[in-house]
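Q: the sequence and its predicted three-dimensional model are supplied below.
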Amino acid sequence: KQEVTQIPAALSVPEGENLVLNCSFTDSAIYNLQWFRQDPGKGLTSLLLIQSSQREQTSGRLNASLDKSSGRSTLYIAASQPGDSATYLCAVGPYGNNRLAFGKGNQVVVIP
Amino acid sequence: ETGVTQSPTHLIKTRGQQVTLRCSSQSGHNTVSWYQQALGQGPQFIFQYYREEENGRGNFPPRFSGLQFPNYSSELNVNALELDDSALYLCASTPFGGSEQFFGPGTRLTVL
């Protein structure tokens, strides 16, 4: 069974600092990995999708890397802003189906 | 382009009752997945529908059932509600030939 862990569970950073969020997974036989953002009580917004054959994906201030062999992914958010305050969820997808396995999330607060 | 929509937004039921949650997938998407997210946890996969048939199921009892319609919209039905069923229920759709999942805003179910 795939286990996904996100560290740290919660963090606060001053505005302008770079954010580094970590995700680890136990089974490296994944098809893809997705990072999501979730605001309190809301649904999930897809941020980045990395296919298993890729090493990283970038979108604006966001960059996600994937090291499948070591079971790790990192989400970097450059020059954080108060609007980046949210919970960030990592999810891995296996081959053959879209059954995503999620971590518990990194709860981020960016202090103005 | 309309995203994934879910109804209702909030729902309060009592133990033992039955509930139906609805999801309209995004245009051009043919696969629908349902997830349950308890407070402070990551989403847990319930099941997935493809071509109107169940295509994979997580560790949920048979009282959780679903349907997918010819227009790719979907329903989640839960019978004999228990207090632990209180959660945010999320629907996600996947485009034809794709793997990225796009989530709706969720339905908050409270069981008293």
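A: That came through, no problem. Since the structure is predicted, the reported quantities are computational estimates derived from the model, not experimental observations. Residues are numbered from 1 along each chain as shown, chains lettered A, B, ... in the order given.
Q: give me the buried positions along the helix or strand A:Q57 falls within.
A: Remark: A:Q57 resides in strand A:56-59, with elements defined by DSSP states H and E. Of the residues in strand A:56-59, A:Q57 count as buried by neighbour count, 16 or more other C-beta atoms under 10 Å in any protein chain shown. Placement of C-beta: from N, CA and C, glycine included.
Q: and that strand, what's its mean pLDDT?
A: For strand A:56-59, mean pLDDT is 96.
Q: what does that strand contact?
A: A:47-50, A:63-66 (C-beta atoms under 8 Å, 6 or more residues apart in numbering or on different chains).
Q: tell me, how many residues neighbour the residue of chain A found nearest chain B?
A: Proximity of chain A to chain B (C-beta to the nearest C-beta) peaks at A:F102, 3.3 Å away. If you count neighbours by other C-beta atoms under 10 Å in any protein chain shown, A:F102 ends up with 23.
Q: was I right about it contacting A:T87?
A: No - at 11.0 Å, A:F102 and A:T87 do not qualify as touching, with contact defined as C-beta atoms under 8 Å.
Q: quick one: name the residues of chain A near chain B.
A: Contacts of chain A with chain B, taken as C-beta under 8 Å from any C-beta of the partner chain, map to A:4, A:31-32, A:34, A:36, A:41-46, A:49, A:51, A:89, A:91, A:93, A:97-105.
Q: out of these, which are buried?
A: Taking 16+ other C-beta under 10 Å as the criterion, what is buried in the residues of chain A next to chain B is A:4, A:32, A:34, A:36, A:43-44, A:49, A:89, A:91, A:93, A:97-103, A:105.
Q: looking at chain B, which helix or strand is least sure?
A: Every helix and strand in chain B was compared by mean pLDDT, DSSP states H and E; the lowest is strand B:53-57, with a mean of 91.
Q: okay, now the sheet partners of that strand, with direction.
A: Applying DSSP bridges to the sheet, strand B:53-57 is found paired with strand B:44-50 (antiparallel).
Q: got a list of what the closest residue to chain A within chain B touches?
A: At 3.3 Å from chain A, B:G42 is the closest residue in chain B, using C-beta to the nearest C-beta. Listed by C-beta under 8 Å, 6+ apart, the contact partners of B:G42 are A:4, A:89, A:91, A:102-105.
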